[in-house]
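>>> build me a model:
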Amino acid sequence: MRCLVALVLAAWAGLAEADAGNSTLQMVQVLFRHGERTPVLVCPTDPHRDHWLEQGLGQLTGRGKRMQYELGQFLRRRYADFLPAQYHVNYTVVRSSDVDRTLMSAQANLAGLYPPQGRDVWNPDLHWQPIPVHTKPTSEDLLLSFLTSCARYELELRRLMATPELRRVDAKNRQLYDHVSQHCGVEVRDLATLALIYDLLLVESDQNMTLPAWATAVLPPYNRTVYPDLLRPLNELAFNLLSYDAPLKRLGGGALLGRLAELLRQKVAGSLQPAGRRLFMYSGHDADVAALLGTLGVYNGLAPPLASCVIVELHRAPSGAFFVRLFYRNDTTVAPYRLQVPGCIDDCPWEAFRDLAARVTPADGAAECAAPAGGMPSGQQVTVIALAVTLALLLVLCTIGAVIFGRRRRQMQAYSHFGEIPT
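Okay, here's the model as predicted:
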């Protein structure tokens, strides 16, 4: 009986994937994170250090390739009635960040999405075909490498990290920083470095490696284990900061959201070239997924898991009206989660999605991301600037208060969600 129930559920899930509202579907855009990789940072004291260096840091593993292959197969099932079985340049275009693991993830994904059939079989002993994957140098890629390519984003992130709220986070965790620095052999001064060390321990834990004693120890000041109890929430905080306020949204996930919205606009207007193109794929990183979801206002606050993906579908109702559906696949055991676009109820009218994107999309990404005249200020300079601006604002407030003495003072507050930072 259990086997019968399992078969029925599996069949139902397969039908749900294949249907996906394909009768009204017009276009699909997919952003996914790469599959499992080796760490990008290794502690000099790590007993597994040689193992990682032998494979190469930040490289896609065999399991990572299988994860992306499975994602490609999922997309094939979900859009079986929408995408042709054979690859054609007029129907599908793929873009990746210029990083080994994302380029390889795109290829593994495409192997599952477009296994060669008919004329595409070029080697009977190899069930695979080469499919183009486009990329840009990291320094120029505002869509999938904004952390590196957008100088203004870096400045805004420094500005955020210099705020009193984030300073308190650093101060509260100073003993944790010192503990990790001493035992890992890498100096930890901020959340970014700490997140990389958390990632190292997460990768080793996932591969059933024995973690060093310092990582699993209960740290007395906090009475919790270093990994995962103390490091995990700080890692989550680092991802939430990527789209924490309006400038970071605009300069981070805003560029990719603007690209998605522009392609939707072209499809709605009938100006898309080639006109029949149906699938746009973007192979990126966890930061790209978190930033896009945060910019859209639908981020769940959890670090995007390996091979997770955001799906943006454009549909056309029988009445002729276009609407958008948004999905997030972060669990292979269930169907993708339907996300509710802010301001929309159920299906999101294309015009509402367009207006949402316009509010957080840079008009000229390259210009807005350019470094300020005189180069990028140091972290200390950012702190000084922030203090100077604060003092100037206080003087202005005092002046206004003197002029309108006797009235109720209006509360003045910059766009901020600092109340959510666990200080």
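>>> measure the closest residue to Q266 other than its chain neighbours to L256 for me?
Here the nearest residue to Q266 in space, its sequence neighbours aside, is L272; by Cβ to Cβ, 6 or more residues apart in numbering that works out to 4.1 Å. The way it works is simple: take the backbone N, C-alpha and C, and place the C-beta from them, glycine included. L272 sits 18 Å away from L256 when distances are taken as Cβ to Cβ, to the nearest Å.
>>> the closest residue to L200 other than its chain neighbours: neighbour count?
Take L200 and drop its neighbours on the chain: the residue closest to it by Cβ to Cβ, 6+ apart is P39, 4.3 Å away. Burial of P39 is recorded as 22 neighbouring residues (other Cβ atoms under 10 Å).
>>> returning to that earlier point: so where does the residue nearest to Q266 fall, helix or strand?
Of the helices and strands defined by DSSP states H and E, none includes L272.
>>> surely it meets L263?
Yes. In this structure, L272 is within contact of L263 by Cβ atoms under 8 Å, at 7.0 Å.
>>> now do the contacts for the residue nearest the centre of the chain.
Averaging the C-alpha coordinates of the chain gives a centre point, and the residue nearest to it by Cα atoms, centre = their mean is V289 (1.8 Å). With contacts defined as Cβ atoms under 8 Å, 6 or more residues apart in numbering, V289 is in contact with 31-33, 304, 308-310.
>>> how about a cut-off of 6 Å?
With Cβ atoms under 6 Å, 6 or more residues apart in numbering as the criterion, the residues that contact V289 are 33, 304, 308.
>>> tell me the SS of the closest residue to it other than its chain neighbours?
With Cβ to Cβ, 6+ apart as the measure, P304 is the residue that lies nearest to V289, at 4.0 Å, once sequence neighbours are left out. Under the three-state scheme (DSSP: H, G, I helix; E, B strand; the rest coil), the conformation of P304 reads as coil.
>>> quick one: P304 and F32 touch, right?
No. Applying Cβ atoms under 6 Å, one finds P304 not in contact with F32, separated by 9.3 Å.
>>> burial count for A373?
Each residue near A373 was counted by other Cβ under 10 Å, and the total is 5.
>>> oh, that last question was meant for I345, not what I typed.
For I345, the neighbour count with other Cβ under 10 Å is 9.
>>> if I look at it, what pLDDT would I see?
Reading off the confidence values, I345 has pLDDT 89.
>>> doesn't Y198 make contact with L231?
Yes. Contact between L231 and Y198 holds when scored by Cβ under 6 Å: they sit 4.1 Å apart.
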